[in-house]
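A.B. asks: What shape does this take:
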Amino acid sequence: MIGADPLFQCEDEHADETPAYVVLPNLVDEETASRLAETFKALSDATRVRILAALRQTELCVGDLARCLNMEQSAVSHQLRLLRQLRLVRARRQGRHVYYALDDEHIHDLFLQGLDHVQHG
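C.D. replies: As a prediction, the model looks like this:
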């Protein structure tokens, strides 16, 4: 039980306030924290994770994604719209087709880090 462990108890008065002063300059501001939370919220949906997994390999159009995921194109389009708004994927038009890809290497790395974490022991 955490509350019973003296290492996890905090006094109102601290003799040394240094730890708080070390953290404060690097603390994430509210707006950044909110944007990051929205990114992680987007990743909390298995369908969106599967879309990112497919796009990690190559860019695909909505039809190809729908076939890969065994879903309706309208459902995939809906998820892609959210992923685009959050800058997790980007779109490229070629003729009548729109191809989707991961927005950048950060998203690729974030996906791989998360995958590695869940597959680890």
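A.B. asks: so where's this structure shaky on pLDDT?
C.D. replies: 1-17 (pLDDT under 70).
A.B. asks: What ranges does it have for its helices?
C.D. replies: Secondary structure of the chain (DSSP state H): helices located at 18-23, 30-42, 46-57, 62-69, 73-85, 105-119.
A.B. asks: right, and those helices - which one's nearest residue 94?
C.D. replies: helix 62-69 (13.0 Å; Cβ to Cβ). All C-beta atoms are positioned from the backbone trio N, CA, C, and that covers glycine.
A.B. asks: Packing partners of that closest one?
C.D. replies: helix 46-57, helix 73-85, strand 97-102 (3 or more Cβ pairs under 8 Å, 6 or more residues apart in numbering; DSSP states H and E).
A.B. asks: Ok, which of the helices of the chain comes nearest residue 96?
C.D. replies: Short answer: helix 62-69, nearest of those by Cβ to Cβ, at 11.0 Å.
A.B. asks: Identify all contacting residues around the closest one.
C.D. replies: Around helix 62-69, the neighbours that count as contacts under Cβ atoms under 8 Å, 6 or more residues apart in numbering are 47, 50-51, 54-55, 60, 71-73, 75-77, 80, 98, 100.
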